[in-house]
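Chemist: this is a predicted model, with the sequence first.
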Amino acid sequence: MPSPSGYDLMSRINHWLIAIAIIGMLAVGLFLEFGGLAREEKRWLIDLHKSIGVLVLIYGVWRVLWRVIQGFPKSDDNTMPQWQEIASKITHWALLAGILIMPISGVVASVFNGRSIAVFNWFSIPAQAQIAWLSGIAGYTHRYAGFTLAFIVTIHIAAALKHHFVDQDSVLIRMVQGRID
Ligand code: HEM
Ligand code: HEM
């Protein structure tokens, strides 16, 4: 259980596993978009991106549900300005949304574009009848939610580093070590 002032072990494992996965997926996605590779050259990387993305979706549902059901531990810093409390709440909800929106939009864009998704050689999500507008909206969402998420993650990391190195408070420590009280 997350204590009112800290993150339990499950919350920390969830946070760091998904953090690594999302940062990696964003990096690969942006490389696919801007790396200048030809379609055939990047086929294998797209397949890897899709396979890992589906696994991120499965684990991400659990990770987000765990947080939503448990709620957020309350801030242990009463001196933090109100605007920072609000900004951090908005950011955390946006990150949670991104964990689900990114893979769901990716899957919808692919399968309704008539493409099946082979998740490693393990299982596959079958292609559906083509629905151009649905695939189009999902592809558009994937793209712009992806850019937005990359921006929010950057701010999130900068904020964590500022708490640790500038303010020298316990915000980062409690996500690494759990309760600090
Ligand atoms: C876990 C979350 C995911 C993140 C953070 C992510 C991120 C991104 C980003 C930033 C891009 C580049 C922008 C764009 O071209 O749309 C991209 C491209 C793409 N993603 Fe994802 N993605 C995720 C999951 C998925 C999944 C589950 C699928 C499909 C099953 C998928 C399929 C694709 C495809 C087909 C492209 C376009 C590649 C190209 O043609 O260059 N993504 N992704
Ligand atoms: C190096 C990368 C990262 C660092 C150093 C970091 C650090 C932190 C810290 C210190 C907190 C606790 C904030 C608080 O208690 O108020 C936190 C919370 C959170 N972080 Fe990150 N984070 C990173 C990457 C990510 C990424 C990529 C995501 C998105 C997918 C993410 C999603 C969240 C969420 C949703 C929370 C709220 C609490 C929870 O549900 O876990 N973080 N992060």
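Modeler: Perfect, I can see it now. Ligands and ions are numbered 1, 2, ... in the order given.

Chemist: where do the helices sit along this structure?
Modeler: 9-34, 43-70, 82-111, 132-161, 171-177 (DSSP state H).

Chemist: so which of those gets nearest residue 126?
Modeler: Taking Cβ to Cβ, helix 82-111 is the member of the helices of the chain nearest to residue 126, at 7.2 Å. All C-beta spots, glycine's among them, are computed from the backbone N, C-alpha and C.

Chemist: pull up the per-residue confidence for the most centrally placed residue in the chain.
Modeler: Nearest to the mean C-alpha position of the chain, counting by Cα atoms, centre = their mean, stands residue 99 at 3.4 Å. We have a pLDDT of 98 for residue 99.

Chemist: what's the answer for residue 56, then?
Modeler: 98.

Chemist: got it, and residue 76?
Modeler: On pLDDT, residue 76 comes in at 67.

Chemist: hang on, the earlier thing: contact partners for the residue nearest to the centre of the chain?
Modeler: 18, 22, 56, 60, 63, 64 (Cβ atoms under 8 Å, 6 or more residues apart in numbering).

Chemist: same check, this time on residue 85
Modeler: When contacts are taken as Cβ under 8 Å, 6+ apart, residue 85 is in contact with residue 75.

Chemist: one step back: quick one: the residue nearest to the residue nearest to the centre of the chain when sequence neighbours are not counted and ligand 2, what's the gap?
Modeler: Closest residue to residue 99 apart from its sequence neighbours, by Cβ to Cβ, 6 or more residues apart in numbering: residue 60 at 4.3 Å. Residue 60 sits 8 Å away from ligand 2, going by Cβ to the nearest ligand atom, to the nearest Å.

Chemist: enumerate the residues of the protein near ligand 1.
Modeler: 22, 25-26, 29-30, 32-33, 46, 49-50, 53-54, 56, 102-103, 106-107, 110, 117, 142-143, 146 (Cβ under 6 Å from any ligand atom).

Chemist: buried subset of these?
Modeler: 22, 25-26, 29, 49-50, 53-54, 56, 102-103, 106-107, 110, 117, 142, 146 (16 or more other Cβ atoms under 10 Å).

Chemist: so which of these also contact ligand 2?
Modeler: Among these, the ones lying near ligand 2 by Cβ under 6 Å from any ligand atom are residue 22.

Chemist: how about residue 67, nearest residue that isn't a chain neighbour?
Modeler: residue 96 (6.3 Å).

Chemist: ok, now how distant is that neighbour from ligand 2?
Modeler: Residue 96 is 5 Å from ligand 2, by Cβ to the nearest ligand atom.

Chemist: thought that residue was touching residue 68?
Modeler: Yes. Under the criterion of Cβ atoms under 8 Å, residue 96 makes contact with residue 68 at 7.5 Å.

Chemist: understood, closing this out.
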